[in-house]
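In: with the sequence up front, the predicted model follows.
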Amino acid sequence: GETFPKSVVVTDEVESQIEELSELAPLHNPANLMGIRAFRKLLPEIPHVAVFDTSFHQTMPEQAYLYSLPYHYYEDYGIRKYGFHGTSHKYVSRRAAQIVGRPIEDLRIISCHIGNSASIAAIDGGESIDTSMGFTPLAGVTMGTRSGNLDPALIPFIMEKTGKTADEVLEILNKESGLLGLTGTSSDLRDLTEEAKHGRQRSRVALDLFASKIHKYIGSYAARMHGVDVIVFTAGIGENSHII
């Protein structure tokens, strides 16, 4: 995000900063940090570069990245939308421009990175102007195990009803929700597609809900850019699932 607006050579300070930011991406940063440390130890003479999923989205305007909270929360704590999957959205938008044979500067592209983790990005003239993920990768569309957007009042409500801590509820939202939570069987779209074919209603509804959330972002981003020239589907589900 704002700490790393572009790729950087890894130093001890960079390692520490990535570790401090792990609470924003608990499923990714700790594992990636382990890899960085292992390779720096094995290959100490080789420069190591950290490439950030958030960097591509640094072109978003304020009206896209600010939350409707007291402004000092942004100033004091950096609470804003950062977006993720930036390396994917950047690559596929440029590749799409090559395929259609037009300059990317002339294109309005909606990039749909749909896998077990999913995000949608509005790319106008080659720059990200909005994206579905937010302060963390938990926001946006329904995903394999992540809830995506929901009413924030649900978090204290669940805490009160179940006695769970905030961290425990966040664990549920990150790892036990989404398609897995809706169906109770799997986060794998292939499994759910088969279940739906065999008449399992919860799996059918989960697939419809998943597609509906994606449709909403595509529609809103098309409106935001006053039209769309290219819609790209990528990642495991986006590339391979004709149903979605």
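Out: Looks like it came in fine.

In: in this protein, where is pLDDT below threshold?
Out: Scanning the chain for pLDDT under 70 picks out 1-2, 24-25.

In: quick one: the helices in it?
Out: Using DSSP state H, the helices assigned to the chain run over residues 12-20, 29-42, 62-65, 71-77, 86-100, 154-162, 166-175, 178-183, 189-197, 201-224, 235-240.

In: can you put those in a markdown table and add distance to residue 138 and mean neighbour count?
Out: C-beta: built from backbone N, CA, C; applies to glycine. Shown next, in a markdown table, are these (distance: least, Cβ to Cβ, whole Å; neighbours: other Cβ atoms under 10 Å):
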| stretch | distance to residue 138 | mean neighbour count |
| --- | --- | --- |
| helix 12-20 | 18 | 13 |
| helix 29-42 | 13 | 13 |
| helix 62-65 | 16 | 14 |
| helix 71-77 | 17 | 11 |
| helix 86-100 | 17 | 18 |
| helix 154-162 | 11 | 12 |
| helix 166-175 | 6 | 15 |
| helix 178-183 | 10 | 21 |
| helix 189-197 | 19 | 17 |
| helix 201-224 | 14 | 17 |
| helix 235-240 | 17 | 17 |
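
In: residue 186 reaches residue 180, doesn't it?
Out: Yes. Contact criterion Cβ atoms under 8 Å: residue 186 and residue 180 qualify, at 6.5 Å.

In: the domain parsing of the protein - what is it?
Out: Annotated domains of the chain cover 1-52, 59-240 [automatic domain parsing].

In: tell me the contacts of residue 48?
Out: 9, 10, 36, 39, 40 (Cβ atoms under 8 Å, 6 or more residues apart in numbering).

In: separation between the nearest residue to the second one once chain neighbours are set aside and residue 11?
Out: Of all residues not flanking residue 10 in the chain, residue 48 sits nearest, at 4.2 Å (Cβ to Cβ, 6 or more residues apart in numbering). Remark: distance between residue 48 and residue 11 (Cβ to Cβ, to the nearest Å) = 9 Å.

In: sorry, back to before: make JSON lines out of the helices of the chain and add distance to residue 119.
Out: Formatted as JSON lines, the helices of the chain follow (distance: least, Cβ to Cβ, whole Å):
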{"stretch": "helix 12-20", "distance to residue 119": "20"}
{"stretch": "helix 29-42", "distance to residue 119": "17"}
{"stretch": "helix 62-65", "distance to residue 119": "14"}
{"stretch": "helix 71-77", "distance to residue 119": "21"}
{"stretch": "helix 86-100", "distance to residue 119": "8"}
{"stretch": "helix 154-162", "distance to residue 119": "21"}
{"stretch": "helix 166-175", "distance to residue 119": "15"}
{"stretch": "helix 178-183", "distance to residue 119": "13"}
{"stretch": "helix 189-197", "distance to residue 119": "16"}
{"stretch": "helix 201-224", "distance to residue 119": "9"}
{"stretch": "helix 235-240", "distance to residue 119": "9"}
